[in-house]
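Student: Sharing a sequence plus its predicted fold:
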Amino acid sequence: MHAVVGDRLHVHGNTVGQADRTGKIIEVRGATGEPPYLVRFDDGHTGLVYPGPDAVIEHDE
């Protein structure tokens with residue numbers, strides 16, 4: 001998984017009734033675009049994320 005600042009992280013809910021989470025990547029801490037990522041989620045929460053298999057990067061085009 002590789003990302004750059006400005007890409008969006010989309011984490012799919014992995015249980016019934018759990019909503020997806022999306023946010024903007026504001027910092028990439030891996031050497032060449034790898035995790036961890038500092039993400040500002042759409043609900044205003046900011047956190048350091050090591051994305052799992054339920055996450056995708058949506059590249060800013």
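Tutor: That came through fine.

Student: got the residue ranges for the strands in this protein?
Tutor: Here the chain has its strands, by DSSP state E, at 8-11, 21-28, 37-41, 46-49, 55-58.

Student: now do the same end-to-end measure for stretch 39-51.
Tutor: End-to-end distance of stretch 39-51 (CA to CA, to the nearest Å): 11 Å.

Student: before we move on, what about stretch 30-50?
Tutor: OK, stretch 30-50 end separation, CA to CA: 10 Å.

Student: Name the spans of the protein whose pLDDT lies under the cut-off.
Tutor: Counting by pLDDT under 70, the chain has low-confidence residues at 61.

Student: hang on, the earlier thing: any chance of CSV for the strands of the chain, columns mean neighbour count and distance to residue 2?
Tutor: To be clear about C-beta, it is placed using only N, CA and C from the backbone, and glycine gets the same treatment. As requested, the strands of the chain are exported to CSV (neighbours: other CB atoms under 10 Å; distance: least, CB to CB, whole Å):
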stretch, mean neighbour count, distance to residue 2
strand 8-11, 18, 12
strand 21-28, 17, 9
strand 37-41, 20, 10
strand 46-49, 14, 14
strand 55-58, 16, 7
